[in-house]
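*Asks:* next one to model:
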Amino acid sequence: MTTLTPNPAPRPGSVTTDVPPAELIWWSATRMRDAVASGEITAVELMTACYDRIDAVNDRINVIVHRLPREQAIALAREADRARDAGAPLGPLHGIPVAIKDLVDVAGMPTSRGSRAFAGRGPRETDVPHVRKLREAGALLIGKTNSPEFGVGTVTWNDVHGITRNPYDTARHAGGSTGGVAAVAAGMLPLVDGSDSGGSLRYPASFCNAVGLRTTPGLVPAASGPGAWEPHSVNGPVARTCRDAALMLSAMTGTDELTPLGHGLAATAELGTPGTTPIRLAWSEDLGGLPVSAEVREAFRSVRRTLESAGVDIVDVDLDFSGVDRAWRTIEMFGWFSLLGRDPIDHPEKYRDDFVINVTEASAYTTTELVEAQRRRYELYVQFVELLGEYDAFVCPGAPVVAPPAEVPWVAEIDGTAFDRYFQWQRLACRLVPSQHPVLAMPAAFGASGLPVGIQVVGRYGRDVELLALGERLEFVLGVTGVRPELG
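*Replies:* As a prediction, the model looks like this:
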């Protein structure tokens, strides 16, 4: 039996949570769910607390870009309380307020995708599959969270809704494209959804001391259409802890007849009692030589020291990432071209410049380039299968820098290396995507600046719940999950 030693020390720049029961907004989602189900609190009380918090801090963060009027949200909560009182079966998220990323459709709400080309559209008529599953699980869908245009880039800004700021320092980016992480980190909501094709769940989680899971493709059903066959972009949960992420995942996952990639995958389960078996981790400080800031390197080394002192076995490994950057880029850019065809080329005034460049590049790809990208993706998948036959997980930094200044459109230089395209600073996340394995971003440390530093933990294919369970054990050791921002 391995007994892990907790690290309860507070980190600079924030306040550790010792939350009185009345502070509902900082309760875990799991506790909220149990309290609503038992009648300890009402869904109306919970919804009121969340709306009060949104009113108090959303103007400073700018993360919830559409929400139901308060009276309409309270009416949803009141109906949830009636159902509980009547003895109706309760889903795993019964009475829990949740917001959805503004890239996907929610019935009755607009979807701008952060783009001038889609701004002003009226409410959508249907839910995408994972949103429908959340609704069926009892979640109360109250609004939409900000995203850069079409999810391009790992910081959230657009010409429609503006910049989403970091709760730990509002002069900094919250990260993206899942800007909704800021709502969870700021205590506005216990859970939001997100998507990830190049770090869009993982960078913001790392910047905001939160949990984001890039799921195994197909585990969470994708939107229907031609893209449903492509495993490159996936949906996943965002929470403050791994246990809460598992709770949300249990409500998002499952099959959908119109999303064939995941057809037949069994629904996942919530986390049980933490395990006690020894932990053995493969380790990389820079994922094959990528530039990483001195602040993040030092914080990442401190994470290793903390884990090793608690009895975790850590081994440095070198993986072959040659050609992976090109494979990711080809698949990513071709995905944009598949989504909108030539419209960004023919009508560039409607789109962000980076997006027009992406689609223009993809329109000229050859079949040889597409086949080579597919081949290299499979090779990386095999490499991770073999690696994770020997280790419980593979760990690297969550992002190469702490949250960047809110005024920059993307990070143009790290540790003396300059970048001329927005996605080049994302490679610490992008390089893991072609492996198709689940990747957990989770709180790990605070840097010298007092800002959060996360880690990425790659788990075995299809074993996302096992990965979250491992993450919960690491949370216990690292001791920073309960550090919240000083927003008042």
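*Asks:* going forward, measure contacts between C-alpha atoms and count neighbours the same way
*Replies:* Fine.
*Asks:* where in this structure is pLDDT low?
*Replies:* Counting by pLDDT under 70, the chain has low-confidence residues at 1-22, 264, 488.
*Asks:* closest to the centroid, which residue in it?
*Replies:* If you average the C-alpha coordinates of the chain and look for the closest C-alpha using Cα atoms, centre = their mean, you land on residue 201, 2.6 Å from that point.
*Asks:* correct me if wrong: it contacts residue 215.
*Replies:* No: counting by Cα atoms under 8 Å, residue 215 is not a contact partner of residue 201; they are 9.9 Å apart.
*Asks:* tell me where the stretch 151-300 of the chain has strands.
*Replies:* For the stretch 151-300 of the chain, applying DSSP state E, counting those that start in this stretch gives strands covering 165-166, 169-173, 191-196, 211-214, 234-239, 280-283.
*Asks:* apologies, that question was intended for the stretch 301-450 of the chain.
*Replies:* In the stretch 301-450 of the chain, strands defined by DSSP E, counting those that start in this stretch lie at 313-316, 393-397, 413-414, 417-418, 439-446, listed in chain order.
*Asks:* which of those strands is buried the deepest?
*Replies:* Scoring the strands of the stretch 301-450 of the chain by mean neighbour count under mean count of other Cα atoms under 10 Å gives strand 439-446 as the most buried, with a mean of 30.
*Asks:* what pairs with it, parallel or antiparallel?
*Replies:* According to DSSP bridges, strand 439-446 forms sheet pairs with strand 211-214 (antiparallel), strand 452-458 (antiparallel).
*Asks:* just give me the neighbour total for residue 176.
*Replies:* Residues contacting residue 176 under the criterion other Cα atoms under 10 Å number 31.
*Asks:* for the one 4 residues further on, same thing?
*Replies:* Under the neighbour criterion other Cα under 10 Å, residue 180 is assigned a count of 35.
*Asks:* please give me every residue in contact with it.
*Replies:* For residue 180, the set of contacting residues under the criterion of Cα atoms under 8 Å, 6 or more residues apart in numbering consists of 63, 64, 99, 100, 101, 145, 146, 147, 192, 193, 194.
*Asks:* okay, the fifth one and residue 234: tell me how far apart.
*Replies:* It stands for residue 101. 13 Å (Cα to Cα, to the nearest Å).
*Asks:* with the second one instead?
*Replies:* Between residue 64 and residue 234 the computed distance is 21 Å (Cα to Cα).
*Asks:* could you identify which of the strands paired with strand 439-446 is most buried?
*Replies:* Mean neighbour count (mean count of other Cα under 10 Å) peaks for strand 211-214 among the strands paired with strand 439-446, with a mean of 33.
*Asks:* send me that one as CSV with only the CA atoms.
*Replies:* Taking C-alpha atoms only, strand 211-214 is exported to CSV below (Å, rounded to 0.1, in the frame of the first residue of the first chain):
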residue,chain,number,x,y,z
VAL,A,211,-9.5,21.0,-14.2
GLY,A,212,-10.1,20.4,-17.9
LEU,A,213,-10.3,17.0,-19.6
ARG,A,214,-9.5,16.4,-23.3
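*Asks:* contact partners of it?
*Replies:* Applying Cα under 8 Å, 6+ apart, the contact partners of strand 211-214 are 194-196, 201-202, 205, 234-242, 245, 438-443.
*Asks:* if we use 7 Å, what do you get?
*Replies:* In this structure, residues lying in contact with strand 211-214 by Cα atoms under 7 Å, 6 or more residues apart in numbering are 196, 201-202, 205, 234-242, 438-443.
*Asks:* and that strand, how far from the chain's centre?
*Replies:* 4 Å (Cα atoms, centre = their mean, to the nearest Å).
*Asks:* can you check stretch 55-67 too?
*Replies:* Between the centre of stretch 55-67 and the centre of its chain there are 19 Å (Cα atoms, centre = their mean).
*Asks:* what's the answer for stretch 248-266, then?
*Replies:* With Cα atoms, centre = their mean as the basis, the mean position of stretch 248-266 lies at 18 Å from the chain mean.
*Asks:* what's the neighbour count on residue 342?
*Replies:* Residue 342, neighbours per other Cα under 10 Å, totals 16.
*Asks:* how about the contacts made by the residue lying closest to it once chain neighbours are set aside?
*Replies:* With Cα to Cα, 6 or more residues apart in numbering as the criterion, residue 342 has its nearest non-adjacent residue at 7.4 Å, and that residue is residue 359. Contacts for residue 359 (Cα under 7 Å, 6+ apart) come out as 333, 336, 337, 344.
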